[in-house]
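Visitor: sharing a model prediction with you, sequence too.
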Amino acid sequence: LEQGCTGIVCSSDVMALGVVHGVRQTGRSVPHDVSVIGYDDSPLIPMTDPPLTTVRQPVDAICRAAVSTLLAQLNGERPADTEMLFAPDLIVRDSTAAAPID
């Protein structure tokens, strides 16, 4: 933050909540001074202060693909040698804003 950071992307929503707390302890504001983004869209995240911007993974699709692949292997099928890609959603809430202009 001391070097002019205006945004932080965290690997989990819980970590992002810790960052929000830490930013506030420095006397700065989320999102006016620093934007914070979490990851996972945990159920209570929309009710935090401020409601956290987060990345939502398509968990159902990931689970279906994993189970389908596992069942195919259990049935003696050789799994496809491909990479599975799943598109996440950015859920924009109140913990992000345009970077402040100095």
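Guide: Here it is on my side, so go on.
Visitor: quick one: G18 and S12, what's the gap?
Guide: Per C-beta to C-beta, to the nearest Å, G18 is found 9 Å from S12. In this view, the C-beta of every residue, glycine as well, is placed from N, C-alpha and C.
Visitor: list the buried residues for stretch 81-92?
Guide: By neighbour count on 16 or more other C-beta atoms under 10 Å, the buried set for stretch 81-92 is I91.
Visitor: send the alpha carbons of it over as CSV?
Guide: The C-alpha coordinates for stretch 81-92 follow below in CSV (Å, rounded to 0.1, in the frame of the first residue of the first chain):
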residue,chain,number,x,y,z
ASP,A,81,-5.8,-36.7,-22.7
THR,A,82,-7.3,-33.2,-22.8
GLU,A,83,-7.4,-30.2,-20.6
MET,A,84,-10.8,-29.1,-19.2
LEU,A,85,-11.4,-25.4,-19.0
PHE,A,86,-14.1,-23.8,-16.9
ALA,A,87,-15.1,-20.2,-17.2
PRO,A,88,-15.4,-18.3,-13.9
ASP,A,89,-17.7,-15.3,-13.4
LEU,A,90,-16.6,-12.0,-11.9
ILE,A,91,-19.3,-10.9,-9.4
VAL,A,92,-18.9,-7.2,-9.0
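Visitor: quick check, distance from it to the centre of its chain.
Guide: Centroid displacement of stretch 81-92 relative to its chain, using C-alpha atoms, centre = their mean, to the nearest Å, is 12 Å.
Visitor: then stretch 21-32?
Guide: That offset, for stretch 21-32, works out to 19 Å (C-alpha atoms, centre = their mean).
Visitor: can you count the residues close to A98?
Guide: By the criterion of other C-beta atoms under 10 Å, A98 has 9 neighbours.
Visitor: so it is in which element?
Guide: According to DSSP states H and E, A98 maps onto no helix or strand at all.
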